[in-house]
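In: Give me the fold of what follows.
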Amino acid sequence: MASTKVKGIVLGGVNIKEKDKLVNLYTLEEGKITVSFKGVRGEKAKLKACKEIFCFGEFVIERSGASNIVTSCEIIDNFFALSKDLEKYYEGCAILDILNKTAFESNPALFIETIKALKSLCYDSATKFYIIDKFLLSFFKLSGYHFLSDKCVSCQARLGQMYFDYDLGALVCPACKRANCDLVTPSAFMAMKILYQTDYEKLPTVKLGGGGEVQAYHILSKNFEWKVGVSIIRII
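Out: Just a heads-up that it's a prediction; the model follows:
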(Lines give C-alpha, C1' and ligand atoms only; values in the text may rest on other atoms or scores of the structure.)
Protein backbone atom coordinates (compact mmCIF):
# COMPACT_ATOMS: atom_id res chain seq x y z
CA MET A 1 0.00 0.00 0.00
CA ALA A 2 1.24 3.50 -0.90
CA SER A 3 0.49 6.39 1.43
CA THR A 4 -0.30 9.90 0.15
CA LYS A 5 -1.05 13.15 2.00
CA VAL A 6 -3.33 15.67 0.30
CA LYS A 7 -4.95 18.94 1.26
CA GLY A 8 -8.64 18.70 0.47
CA ILE A 9 -12.21 19.67 1.18
CA VAL A 10 -15.14 17.27 1.42
CA LEU A 11 -17.68 17.92 -1.36
CA GLY A 12 -20.19 15.33 -0.18
CA GLY A 13 -20.64 11.60 -0.12
CA VAL A 14 -22.84 8.54 0.27
CA ASN A 15 -23.11 5.95 3.00
CA ILE A 16 -22.04 2.43 2.06
CA LYS A 17 -22.04 -0.90 3.87
CA GLU A 18 -22.86 -0.74 7.58
CA LYS A 19 -20.58 2.07 8.79
CA ASP A 20 -18.46 3.19 5.82
CA LYS A 21 -18.77 6.30 3.68
CA LEU A 22 -17.68 7.07 0.11
CA VAL A 23 -16.68 10.73 -0.26
CA ASN A 24 -15.79 13.09 -3.11
CA LEU A 25 -12.75 15.05 -2.02
CA TYR A 26 -11.54 18.15 -3.88
CA THR A 27 -7.77 18.31 -3.42
CA LEU A 28 -5.05 20.83 -4.09
CA GLU A 29 -2.73 18.22 -5.51
CA GLU A 30 -4.99 15.97 -7.62
CA GLY A 31 -8.30 17.73 -8.21
CA LYS A 32 -11.40 15.70 -7.40
CA ILE A 33 -10.88 12.17 -6.13
CA THR A 34 -13.15 9.60 -4.50
CA VAL A 35 -12.05 8.24 -1.13
CA SER A 36 -13.54 5.88 1.41
CA PHE A 37 -13.76 6.15 5.18
CA LYS A 38 -13.91 2.79 6.95
CA GLY A 39 -16.13 2.44 10.02
CA VAL A 40 -16.51 6.22 10.11
CA ARG A 41 -20.24 6.18 10.92
CA GLY A 42 -19.66 4.43 14.22
CA GLU A 43 -20.47 6.44 17.34
CA LYS A 44 -16.83 6.58 18.49
CA ALA A 45 -15.12 6.72 15.08
CA LYS A 46 -12.02 8.92 15.26
CA LEU A 47 -12.56 10.34 11.77
CA LYS A 48 -16.26 11.04 12.27
CA ALA A 49 -15.94 14.81 11.80
CA CYS A 50 -13.63 14.46 8.79
CA LYS A 51 -16.26 12.86 6.55
CA GLU A 52 -18.66 15.81 6.74
CA ILE A 53 -19.33 18.27 3.92
CA PHE A 54 -17.12 21.42 4.09
CA CYS A 55 -14.42 19.67 6.14
CA PHE A 56 -11.09 21.16 5.01
CA GLY A 57 -7.95 19.38 6.13
CA GLU A 58 -4.87 17.31 5.41
CA PHE A 59 -5.94 13.77 4.57
CA VAL A 60 -3.65 10.74 4.62
CA ILE A 61 -4.78 8.22 2.01
CA GLU A 62 -3.68 4.60 1.66
CA ARG A 63 -3.86 3.40 -1.93
CA SER A 64 -4.28 -0.18 -2.99
CA GLY A 65 -5.39 -0.85 -6.57
CA ALA A 66 -8.43 1.33 -7.22
CA SER A 67 -9.10 1.94 -3.52
CA ASN A 68 -8.33 5.21 -1.74
CA ILE A 69 -8.82 4.77 1.99
CA VAL A 70 -8.52 7.70 4.37
CA THR A 71 -6.51 6.63 7.43
CA SER A 72 -6.08 9.97 9.18
CA CYS A 73 -6.99 13.63 8.83
CA GLU A 74 -5.87 16.85 10.47
CA ILE A 75 -8.76 19.30 10.23
CA ILE A 76 -7.81 22.85 9.24
CA ASP A 77 -11.38 24.22 9.26
CA ASN A 78 -14.84 22.68 9.17
CA PHE A 79 -16.70 25.96 8.45
CA PHE A 80 -19.17 24.93 11.14
CA ALA A 81 -20.95 28.30 11.23
CA LEU A 82 -22.38 27.60 7.76
CA SER A 83 -24.64 24.95 9.28
CA LYS A 84 -26.19 27.62 11.53
CA ASP A 85 -27.30 29.90 8.68
CA LEU A 86 -29.51 28.24 6.05
CA GLU A 87 -28.91 30.87 3.35
CA LYS A 88 -25.14 30.72 3.79
CA TYR A 89 -25.25 26.92 3.94
CA TYR A 90 -26.98 26.67 0.55
CA GLU A 91 -24.64 29.24 -0.99
CA GLY A 92 -21.70 27.17 0.27
CA CYS A 93 -23.30 23.99 -1.07
CA ALA A 94 -23.63 25.69 -4.48
CA ILE A 95 -19.88 26.43 -4.48
CA LEU A 96 -19.06 22.81 -3.69
CA ASP A 97 -21.63 21.61 -6.24
CA ILE A 98 -19.81 23.56 -8.96
CA LEU A 99 -16.58 21.75 -8.07
CA ASN A 100 -18.27 18.37 -7.74
CA LYS A 101 -19.53 18.69 -11.31
CA THR A 102 -16.38 20.07 -12.93
CA ALA A 103 -13.13 19.92 -10.94
CA PHE A 104 -11.66 16.72 -12.34
CA GLU A 105 -8.03 17.88 -12.52
CA SER A 106 -5.71 19.76 -10.21
CA ASN A 107 -6.12 23.55 -10.37
CA PRO A 108 -4.28 25.20 -7.45
CA ALA A 109 -5.68 28.65 -8.24
CA LEU A 110 -9.25 27.30 -8.15
CA PHE A 111 -8.56 25.42 -4.92
CA ILE A 112 -7.30 28.61 -3.26
CA GLU A 113 -10.30 30.53 -4.66
CA THR A 114 -12.61 27.95 -3.09
CA ILE A 115 -11.07 28.26 0.36
CA LYS A 116 -11.19 32.07 0.19
CA ALA A 117 -14.85 31.98 -0.84
CA LEU A 118 -15.84 29.59 1.95
CA LYS A 119 -13.91 31.55 4.59
CA SER A 120 -15.61 34.76 3.51
CA LEU A 121 -19.01 33.09 3.46
CA CYS A 122 -18.49 31.57 6.90
CA TYR A 123 -16.85 34.42 8.78
CA ASP A 124 -17.79 37.66 6.99
CA SER A 125 -21.12 39.40 6.47
CA ALA A 126 -21.31 39.92 2.71
CA THR A 127 -24.74 40.34 1.11
CA LYS A 128 -26.41 37.21 -0.25
CA PHE A 129 -25.22 36.26 -3.78
CA TYR A 130 -22.04 38.41 -3.59
CA ILE A 131 -19.76 35.49 -2.82
CA ILE A 132 -21.30 32.94 -5.21
CA ASP A 133 -21.27 35.58 -7.98
CA LYS A 134 -17.60 36.36 -7.39
CA PHE A 135 -16.76 32.66 -7.21
CA LEU A 136 -18.54 31.92 -10.50
CA LEU A 137 -16.81 34.84 -12.23
CA SER A 138 -13.44 33.57 -10.99
CA PHE A 139 -14.34 30.00 -11.96
CA PHE A 140 -15.07 31.10 -15.53
CA LYS A 141 -11.86 33.16 -15.69
CA LEU A 142 -9.75 30.23 -14.42
CA SER A 143 -11.50 27.97 -16.94
CA GLY A 144 -10.62 30.32 -19.81
CA TYR A 145 -14.04 31.99 -20.17
CA HIS A 146 -13.52 35.55 -18.94
CA PHE A 147 -16.14 37.81 -20.53
CA LEU A 148 -16.25 41.10 -18.60
CA SER A 149 -15.49 43.42 -21.49
CA ASP A 150 -17.03 46.72 -22.60
CA LYS A 151 -16.90 45.56 -26.24
CA CYS A 152 -19.11 43.17 -28.17
CA VAL A 153 -17.31 39.85 -28.63
CA SER A 154 -18.66 39.54 -32.19
CA CYS A 155 -18.24 42.97 -33.79
CA GLN A 156 -16.08 44.76 -31.19
CA ALA A 157 -18.55 47.66 -30.96
CA ARG A 158 -18.52 49.45 -27.61
CA LEU A 159 -21.35 48.11 -25.48
CA GLY A 160 -24.24 50.28 -24.36
CA GLN A 161 -27.20 47.97 -24.14
CA MET A 162 -25.83 44.44 -23.90
CA TYR A 163 -26.87 40.81 -23.97
CA PHE A 164 -25.26 37.62 -22.73
CA ASP A 165 -24.90 35.08 -25.54
CA TYR A 166 -24.82 31.61 -23.98
CA ASP A 167 -23.59 29.97 -27.16
CA LEU A 168 -20.54 32.26 -27.15
CA GLY A 169 -20.30 32.60 -23.38
CA ALA A 170 -19.78 36.33 -23.83
CA LEU A 171 -21.40 39.76 -24.11
CA VAL A 172 -22.81 41.00 -27.40
CA CYS A 173 -24.43 44.19 -28.65
CA PRO A 174 -28.08 44.47 -29.86
CA ALA A 175 -26.97 44.14 -33.50
CA CYS A 176 -25.26 40.81 -32.79
CA LYS A 177 -27.97 39.46 -30.48
CA ARG A 178 -29.27 36.01 -31.38
CA ALA A 179 -31.99 33.72 -30.03
CA ASN A 180 -30.05 32.28 -27.11
CA CYS A 181 -29.35 35.58 -25.36
CA ASP A 182 -30.50 37.34 -22.19
CA LEU A 183 -30.51 41.05 -21.53
CA VAL A 184 -27.80 42.18 -19.11
CA THR A 185 -29.04 45.18 -17.17
CA PRO A 186 -26.60 47.96 -16.23
CA SER A 187 -26.95 47.00 -12.55
CA ALA A 188 -26.12 43.34 -13.30
CA PHE A 189 -23.07 44.27 -15.38
CA MET A 190 -21.86 46.71 -12.72
CA ALA A 191 -22.40 44.08 -10.02
CA MET A 192 -20.27 41.56 -11.91
CA LYS A 193 -17.47 44.07 -12.53
CA ILE A 194 -17.37 45.29 -8.93
CA LEU A 195 -17.63 41.84 -7.34
CA TYR A 196 -14.96 40.37 -9.62
CA GLN A 197 -12.52 43.17 -8.80
CA THR A 198 -13.15 43.17 -5.03
CA ASP A 199 -11.22 40.90 -2.65
CA TYR A 200 -13.38 38.49 -0.65
CA GLU A 201 -12.58 40.10 2.69
CA LYS A 202 -13.76 43.46 1.38
CA LEU A 203 -17.11 42.24 0.03
CA PRO A 204 -19.00 43.20 3.25
CA THR A 205 -18.19 46.85 2.48
CA VAL A 206 -19.73 46.67 -1.02
CA LYS A 207 -23.21 48.11 -1.45
CA LEU A 208 -24.84 47.43 -4.82
CA GLY A 209 -28.21 48.73 -5.98
CA GLY A 210 -30.99 47.57 -8.25
CA GLY A 211 -30.76 43.87 -7.42
CA GLY A 212 -27.79 43.53 -9.77
CA GLU A 213 -26.25 40.68 -7.78
CA VAL A 214 -29.42 38.57 -8.18
CA GLN A 215 -29.67 39.24 -11.92
CA ALA A 216 -25.96 38.47 -12.24
CA TYR A 217 -26.42 35.13 -10.47
CA HIS A 218 -29.18 34.07 -12.86
CA ILE A 219 -26.93 34.84 -15.85
CA LEU A 220 -23.83 33.21 -14.34
CA SER A 221 -25.63 30.05 -13.20
CA LYS A 222 -27.36 29.72 -16.58
CA ASN A 223 -23.99 30.11 -18.31
CA PHE A 224 -22.59 27.34 -16.10
CA GLU A 225 -25.50 25.08 -16.98
CA TRP A 226 -25.08 25.84 -20.69
CA LYS A 227 -21.37 25.00 -20.62
CA VAL A 228 -21.41 21.99 -18.29
CA GLY A 229 -24.81 20.51 -19.10
CA VAL A 230 -26.03 20.37 -15.50
CA SER A 231 -27.50 23.01 -13.22
CA ILE A 232 -26.09 24.30 -9.92
CA ILE A 233 -27.87 23.40 -6.70
CA ARG A 234 -30.63 25.93 -6.03
CA ILE A 235 -29.89 28.77 -3.62
CA ILE A 236 -32.82 29.60 -1.34
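In: What strand or helix carries the residue nearest the centre of the chain?
Out: Centroid check for the chain by C-alpha atoms, centre = their mean gives I95 as the closest residue, at 2.8 Å. Applying DSSP states H and E as the criterion places I95 in helix 86-100.
In: I'd like the next helix or strand past that helix.
Out: helix 108-123.
In: For that next one, what is the distance to the chain centroid?
Out: Relative to the centre of its chain, helix 108-123 is centred 9 Å away, using C-alpha atoms, centre = their mean, to the nearest Å.
In: Can you give me the buried ones in that helix?
Out: Of the residues in helix 108-123, L110, F111, E113, T114, I115, K116, A117, L118, K119, S120, L121, C122 count as buried by neighbour count, 16 or more other C-beta atoms under 10 Å. Every C-beta, even on glycine, is put in place using the N, C-alpha and C of the backbone.
In: cool, stretch 32-46 as well?
Out: For stretch 32-46, burial by neighbour count (16+ other C-beta under 10 Å) applies to K32, I33, V35, S36, F37, K38, V40, R41, A45.
In: got the buried residues of helix 108-123 as CSV, with distance to N68 and pLDDT columns?
Out: CSV is the format used below for the buried residues of helix 108-123 (distance: C-beta to C-beta, whole Å; pLDDT from 0 to 100):
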residue, distance to N68, pLDDT
L110, 21, 97
F111, 18, 98
E113, 24, 98
T114, 20, 98
I115, 22, 98
K116, 27, 98
A117, 26, 98
L118, 23, 98
K119, 27, 98
S120, 30, 97
L121, 28, 97
C122, 27, 97
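In: Mind pulling up the pLDDT for the residue lying farthest from the centre of the chain?
Out: Relative to the centre of the chain, the most outlying C-alpha is that of A175, 33.6 Å out, by C-alpha atoms, centre = their mean. Per-residue pLDDT puts A175 at 97.
In: Looks to me like it is in a helix.
Out: Yes: the assignment for A175 (DSSP: H, G, I helix; E, B strand; the rest coil) places it in a helix.
In: Contacts only, for A45.
Out: Residues counted as contacts of A45 (C-beta atoms under 8 Å, 6 or more residues apart in numbering) are K19, F37, G39.
In: closest to Y145 among these?
Out: Of all the contacts of A45, Y145 sits closest to F37, with 35.0 Å by C-beta to C-beta.
In: so what's that closest one bridging to?
Out: K21 (DSSP bridges).
In: Now do the SS call for the residue nearest to C181 when sequence neighbours are not counted.
Out: Of all residues not flanking C181 in the chain, Y163 sits nearest, at 4.0 Å (C-beta to C-beta, 6 or more residues apart in numbering). The assignment at Y163 comes out as strand when based on three-state DSSP.
In: list the contacts for Y163?
Out: L171, V172, C173, P174, K177, C181, D182, L183, V184.
In: and the residues you listed as JSON lines, adding neighbour count and distance to A81?
Out: Supplementary listing: those in JSON lines, determined by neighbours: other C-beta atoms under 10 Å; distance: C-beta to C-beta, whole Å:
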{"residue": "L171", "neighbour count": "24", "distance to A81": "36"}
{"residue": "V172", "neighbour count": "23", "distance to A81": "41"}
{"residue": "C173", "neighbour count": "19", "distance to A81": "44"}
{"residue": "P174", "neighbour count": "14", "distance to A81": "45"}
{"residue": "K177", "neighbour count": "18", "distance to A81": "43"}
{"residue": "C181", "neighbour count": "18", "distance to A81": "39"}
{"residue": "D182", "neighbour count": "16", "distance to A81": "34"}
{"residue": "L183", "neighbour count": "13", "distance to A81": "37"}
{"residue": "V184", "neighbour count": "20", "distance to A81": "34"}
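In: Please give the element, helix or strand, for K7.
Out: In this assignment (DSSP H and E), K7 forms part of strand 2-16.
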